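**Q** Here's a sequence, model it:
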Amino acid sequence: MGVAQTPSMPSTQRYGSGLLDVPVSNVLPHLNLAATYSGLWSSIGRRIEIDDSGHPSGFGPSSNEFFKDFSASVGIFDRAETGVTVQSLNDESKGGDIWGVFGRLRLWEPVDQGLGFAVGGRYLTSPSFSDPSSGRDVRYAPGRLGFPDERLRKSYSEKRGLETNLSLYGVATAYLRGYEGGFLPKNDMTFSLGYGGGMFSGGSGLEFYAPATNNGWFAGTSLHVSTGKRSTLIVMAEHNGFDVNVGAQIDLNGIRVGVQGLALNHPWPTDGQFSEYHRPKLGLTLSAVLCPRESGFRCRPRMMNRSEPDTIYIPPPPPDTIIIGASGSGLAVESGESVQICLATGQNVSIQVDAAGDTLVGMPPVPVGSLGPAMTFAGSYAGSSFWYLDDEVIVFEGGDFQKSDDTFPIDCDQILRVGVFQGVPVFAVISAQRPLDVIFIPIYPGVWQRYERDLPG
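**A** Residues are numbered from 1 along each chain as shown. Here you go, the predicted structure:
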């Protein structure tokens, strides 16, 4: 299966690409690198304390902190994404840093619209706190907000603890092109639904941590709006199994800046609110994505393919009924020789030159000159376009393509239309995989130009 042309997904807070906190079926393209710095503010007037049995035991001082996280990930063969995460960059007296690894394997992804599926996992280390009251080791557990919390334990004397070190999951994502018309820009939508254990479901027995859960189910949606050739705005909403989060992220050539409203399903601050997990919070994300296979390491945000419906679903007319005319094809054909030429419609037609020098077309052969000067071969061609004559770079599907070699004929049976550039159809070899390295542009009927991605020099 070829590389999917699904939209570029934003950077999550701590676990590579995805939405805000939940994964999707998409992964980073091969060798693309993403580094993300994120943080969230949490402020409460007083903080609830928990005893060894897992029950409230009183209140501690107020808490007003900014928690910071860092993650880095890489795409592998367009099939997987893996990375590391360091959560709550603070001093050892507060539990130390939480280290972790994560990964996702893309089992299926559509080439265009459709449904994708992936499986993955996250593993986090436990924070480490001293326990002077008992002098014994306590097995702590990582929490969903990313900071070490001495109240979260793997076991309590009277309550079930958190088993959140390892979180395995499966997720399905539907990719759809949005409505475009009038002044609406190009836009795509995604809808994700998944199920997981560990961090997605652990802690349901602790009221201060998770008063209600979805028992491991999570969901999310995103709207991708093209704001230019190199920028995309992504608006997201999700339920990570506990919290409703919303946010927006702007992607400009791989530099991503995002803002999030977290835990918006919980009540707004009141005097009786004493849990960081029940309180709405503000988060920020700054991420950079590097694409070694792109010119200048620039990562243009991907959008879904847009192809003309009539070139995909409506077959071209048969050779004996095709529109033909007196315009020159640019081909050198010897007298009496019959050759096939490939038109911009993706169809082969036969032409022949008789002894008098007339170009014959159709079945039976008819001189082109007898058809009148108003007739022409079907299809759109780039031969007279300013961008072709000026040897300009073609920007197509996020890549820069440059002219290569001379013009030449081609067999329509070996190529497939993959899009449009400046009103001229773009073709690629049928067996080519995305991201495309070579495309073909029709210059005149039967005459084609090869373009290569990031041609040296």
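**Q** Mark out where each domain of this structure begins and ends.
**A** Following automatic domain parsing, the chain resolves into domains at 33-297, 307-457.
**Q** so what's Gly16 up against?
**A** Leu28, Ala34, Thr36, Ser71, Ser73, Glu81, Thr82, Gly83, Phe102, Arg104 (Cβ atoms under 8 Å, 6 or more residues apart in numbering). (C-beta placed from N, C-alpha, C; glycine too.)
**Q** ok, the closest residue to it other than its chain neighbours - contacts?
**A** Nearest residue to Gly16 in three dimensions, chain neighbours excluded: Ser73, at 3.6 Å (Cβ to Cβ, 6 or more residues apart in numbering). Neighbour list for Ser73: Tyr15, Gly16, Ser17, Leu28, Leu33, Ala34, Glu81, Thr82, Gly83, Val84, Phe102 [criterion: Cβ under 8 Å, 6+ apart].
**Q** Just say helix, strand or coil for Ser73.
**A** Put simply, Ser73 is strand when judged by DSSP: H, G, I helix; E, B strand; the rest coil.
**Q** thinking again about what came up before, hey, which of the domains of the chain is tucked in deepest?
**A** When those are scored by mean count of other Cβ atoms under 10 Å, the highest mean neighbour count falls to domain 33-297 (a mean of 18).
**Q** where along the protein do the helices fall?
**A** In the chain, helices defined by DSSP state H lie at 309-313, 386-389, listed in chain order.
**Q** what pLDDT, on average, does the longest one get?
**A** Taken as a whole, helix 309-313 has a mean pLDDT of 39.
**Q** Tell me, please, where in the stretch 351-457 of the chain the pLDDT is lower than the cut-off.
**A** Regions of the stretch 351-457 of the chain meeting the criterion pLDDT under 70 cover residues 352-377, 455-457.
**Q** now Leu19, nearest residue through space, not along the chain?
**A** Excluding the flanking residues, the one nearest Leu19 by Cβ to Cβ, 6+ apart is Gly220, at 4.3 Å.
**Q** that older thread, for Pro10, which of the domains of the chain is the nearest?
**A** Smallest distance to Pro10 across these (Cβ to Cβ): 4.3 Å, for domain 33-297.
**Q** Distance from that closest one to the middle of the chain?
**A** 18 Å (Cα atoms, centre = their mean, to the nearest Å).
**Q** Can you verify my assumption that Asn165 contacts Ala141?
**A** Yes. Assessed by Cβ atoms under 8 Å, Asn165 is found in contact with Ala141 at 6.9 Å.
**Q** Let me see the confidence value for His55.
**A** Here, the pLDDT recorded for His55 equals 86.
**Q** tell me the contacts of it?
**A** Glu158, Lys159.
**Q** Distance check, the residue nearest to Gly16 against Asp251.
**A** Ser73 sits 16 Å away from Asp251, going by Cβ to Cβ, to the nearest Å.
**Q** and what of Gly114?
**A** In this view, Gly114 and Asp251 are 23 Å apart by Cβ to Cβ.
**Q** do Arg453 as well
**A** Arg453 is 21 Å from Asp251, where distance means Cβ to Cβ.
**Q** And the average pLDDT for stretch 239-251 is what?
**A** Mean predicted confidence for stretch 239-251 is 95.
**Q** mind starting the numbering at 15 from now?
**A** I'll keep to 15 as the first residue from here, and by that count the last item is stretch 253-265.
**Q** returning to what we had before: so who does the residue nearest to Leu33 touch?
**A** Gly234 neighbours (Cβ under 8 Å, 6+ apart): Leu33, Leu34, Val36, Val38, Phe205, Ser206, Met250, Ala251, Glu252, His253.
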